[in-house]
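J.: Fold the following.
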Amino acid sequence: MTTVNSKKPNLLIRYRESVVPALSQEFKYANVMRVPRLVKVVVNMGIKEGKEDVKILEHVVGELAVITGQKPVVTRAKKSISAFKLRQGQPIGAKVTLRGARMYEFLDRLFSIAMPRIRDFRGYSDKSFDGRGNYTLGIQEQIIFPEVEFDKIKKTQGMDVTIVTTSQSDAEAKRLLELMGLPFIKKQPKPARQENA
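T.: Below is the predicted model:
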């Protein structure tokens, strides 16, 4: 498991030196304290096999710990659902909440190392904001993270990453994440209509 160094994370330095001045200029904040910032990152995995196979659950939880550098919490079913053969209290996933240096280090690795390893990756959609400046993106396979040993994978597993910010609007949050290094899908300009001669 990775340990947090006393050295400041590169992404935090980038935020303070480049992102804050750029956002202040663009959105004309009167006070530097009003500039949006990251609060926490929640990484969530749903593990449907967890209720039947404890070994798969333990293995996936271990991989999530290696990826995030923090021990995950096993999430359990809050109520029984007979259609899914699910009983209350059964393990159904794992979750990690990252703050501070670990949060910045995880996002730095996600943006600069893991995302470029996604096949045919063109960026993420800007339609996954929640209206309050928070953004959730999906990752289909954990193998994009170099910390995961390919030979030891028992199950390819997806995850959701929710980035919580202090932004007042989705537009501010999008610009914050863009400047931090999250690649969004570039919108193609519509071709100009040709008038009939």
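J.: just for this protein, where's the confidence low?
T.: By pLDDT under 70, the weakly predicted segments of the chain are 1-6, 48-54, 77-91, 150-151, 154, 187-197.
J.: those helices in it, which residues are they?
T.: Using DSSP state H, the helices of the chain run over residues 10-14, 20-27, 54-68, 100-109, 170-180.
J.: Which one, of the ones you listed, ends up nearest to I153?
T.: I153 lies closest, by C-beta to C-beta, to one member of the helices of the chain: helix 54-68, at 7.7 Å. (C-beta placed from N, C-alpha, C; glycine too.)
J.: Now do the closest one and helix 100-109, the angle between them.
T.: Put simply, helix 54-68 runs at 90 degrees to helix 100-109, going by axes from the mean of the first three to the mean of the last three C-alpha atoms, to 10 degrees.
J.: Tell me which other helices or strands helix 54-68 touches.
T.: Packed against helix 54-68 by the contact rule (3 or more C-beta pairs under 8 Å, 6 or more residues apart in numbering; DSSP states H and E) you find strand 38-46, strand 91-98, helix 100-109.
J.: try 7 Å
T.: The helices and strands touching helix 54-68, judged by 3 or more C-beta pairs under 7 Å, 6 or more residues apart in numbering; DSSP states H and E, are strand 38-46, strand 91-98.
J.: Just the C-alphas of it, formatted as CSV.
T.: This file holds the C-alpha atoms of helix 54-68, laid out as CSV (Å, rounded to 0.1, in the frame of the first residue of the first chain):
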residue,chain,number,x,y,z
VAL,A,54,-15.7,-14.1,0.1
LYS,A,55,-12.3,-14.7,-1.7
ILE,A,56,-13.3,-12.6,-4.7
LEU,A,57,-14.5,-9.8,-2.3
GLU,A,58,-11.3,-9.9,-0.4
HIS,A,59,-9.2,-9.8,-3.6
VAL,A,60,-11.1,-6.9,-5.1
VAL,A,61,-11.0,-5.0,-1.8
GLY,A,62,-7.2,-5.6,-1.7
GLU,A,63,-6.8,-4.2,-5.3
LEU,A,64,-8.9,-1.1,-4.4
ALA,A,65,-6.6,-0.6,-1.4
VAL,A,66,-3.5,-0.8,-3.6
ILE,A,67,-5.0,1.6,-6.2
THR,A,68,-6.1,4.3,-3.7
